[in-house]
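Peer 1: turn this into a structure:
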Amino acid sequence: MSSGLENSSVVVTGAASGIGRATALRFAREGANVVVADLNADAAKDVVAEIEAAGGTAVAVAGDLSDQSVVDQVVRTAVSTFGGLDVLVNNAGIMDTMSAAADVADAEWERVLRVNLTAPFLLTRAALPHMLAKGKGAIVNTASEAGLRGSAAGTAYTVSKHGVVGLTRSLAVMYRNAGIRTNAIAPGGTMTGISVQADPATLGPQALGPYMGNVGRIATADEQAAAIVFLASDAASNVNGAVLPVDNGWAAV
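Peer 2: Next up, the predicted model:
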């Protein structure tokens with residue numbers, strides 16, 4: 001079965017590294033035209049160069065995706081360069097410091113929620129008119145194991161990823177009759193460049209520590225990317241509102 005992604009217009013956020021980079025490369029191998037969106041301009045350009053060197057088509061857009069003007073630029077670039085917007089992958093995200101609620105600073109709370117939850121909402125809201133005009137589209141969000149439980153991250157990150165799960169399911173219901181599917185992956189431990197700055201002496205890391213032994217094998221970024229591309233493809237044409245754990249069974253423990 002064809003993936004249906006050839007010549008499609010795809011936006012991948014957080015695409016300069018980790019899961020986002022692997023996802024952008026996979027879409028390009030499927031013949032999609034990819035907007036590589038990331039805060040790191042140089043790294044985004046490197047991914048575009050990598051795609052082009054392999055015979056694919058991509059363009060970079062750099063900026064903070066929690067900024068509405070950057071969101072507008074990303075969507076505008078997809079539409080003007082590739083003729084529309086078929087797939088949106090809301091992958092960009094940041095970690096928290098594993099802090100328990102009483103220890104979360106206002107700045108940490110606001111930044112984690114803004115990047116992890118508000119930015120996907122803003123991008124989705126900007127993308128929807130273009131998908132609605134076509135009568136079809138696919139949105140894939142990167143949630144997290146922390147969106148399925150309370151024992152995989154600190155308060156701010158956990159709340160943000162539960163929000164991503166809620167956003168995914170709400171979109172799936174609201175737009176199912178408009179030809180737009182929305183799904184999410186829930187990665188477990190994955191080899192990426194994201195680091196966690198946590199104080200092991202504080203409540204959060206101490207409370208979470210006993211549960212972290214269930215993580216199991218650490219995934220590669222490409223394993224997460226494979227699930228994202230599947231959910232965006234025609235192979236998942238009747239999959240809508242799903243939150244797919246890609247975690248080697250951690251969610252089943």
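Peer 1: after the helix or strand bottoming out on mean pLDDT in the chain, which helix or strand is next?
Peer 2: Using mean pLDDT, DSSP states H and E, helix 203-208 stands out as the lowest-scoring helix or strand of the chain, at a mean of 91. Next helix or strand after helix 203-208 toward the C-terminus (DSSP states H and E): helix 221-232.
Peer 1: and the helix or strand following that following helix, how far out from the chain middle?
Peer 2: Scanning forward in sequence from helix 221-232 by DSSP H and E, the next helix or strand is strand 243-246. On the basis of C-alpha atoms, centre = their mean, to the nearest Å, strand 243-246 sits 12 Å off its chain's mean C-alpha point.
Peer 1: and what of stretch 124-138?
Peer 2: From the chain centre to the centre of stretch 124-138 is a distance of 17 Å (C-alpha atoms, centre = their mean).
Peer 1: could you do stretch 235-251 as well?
Peer 2: Centroid separation for stretch 235-251 versus its chain: 14 Å, with C-alpha atoms, centre = their mean.
Peer 1: go on, stretch 50-64?
Peer 2: Stretch 50-64 has its C-alpha centroid displaced from the chain centroid by 17 Å (C-alpha atoms, centre = their mean).
Peer 1: Ala184 - that's part of a helix, no?
Peer 2: No - under DSSP: H, G, I helix; E, B strand; the rest coil, Ala184 sits outside any helix and is assigned strand.
Peer 1: residue contacts, it?
Peer 2: In this structure, Ala184 makes contact with Val140, Asn141, Thr142, Ala143, Gly147, Val164, Val165, Thr168, Ala242, Val243, Leu244, judged by C-beta atoms under 8 Å, 6 or more residues apart in numbering. Bear in mind the C-beta positions are built from the backbone N, C-alpha and C, glycine included.
Peer 1: what sits against Ala207?
Peer 2: Contact analysis of Ala207 by C-beta under 8 Å, 6+ apart lists Ala100.
Peer 1: so how far is Gly179 from it?
Peer 2: Ala207 sits 44 Å away from Gly179, going by C-beta to C-beta, to the nearest Å.
Peer 1: Ala49 too?
Peer 2: Between Ala49 and Gly179 the computed distance is 34 Å (C-beta to C-beta).
Peer 1: relative to Gly55, which of the contacts of Ala184 is nearest.
Peer 2: Distance to Gly55, by C-beta to C-beta, is smallest for Val140 among the contacts of Ala184, at 24.0 Å.
Peer 1: beta partners for the closest one?
Peer 2: Note on Val140: beta-bridge partners Val89, Asn183, judged by DSSP bridges.
Peer 1: tell me how many other residues crowd it.
Peer 2: Neighbour count of Val140, defined by other C-beta atoms under 10 Å: 28.
Peer 1: mind listing the strands for the stretch 1-150 of the chain?
Peer 2: Assigned strands in the stretch 1-150 of the chain, in chain order: 9-13, 33-38, 57-62, 87-90, 137-142 (criterion: DSSP state E, counting those that start in this stretch).
Peer 1: for Met131, which of the ones you listed is the nearest?
Peer 2: The closest of the strands of the stretch 1-150 of the chain to Met131 is strand 137-142. By C-beta to C-beta, the value is 2.9 Å.
Peer 1: how far away from the center of its chain is the helix or strand following that closest one?
Peer 2: The C-terminal neighbour of strand 137-142 among helices and strands, as given by DSSP H and E, is helix 155-175. The chain centre lies 12 Å from the centre of helix 155-175; the measure is C-alpha atoms, centre = their mean.
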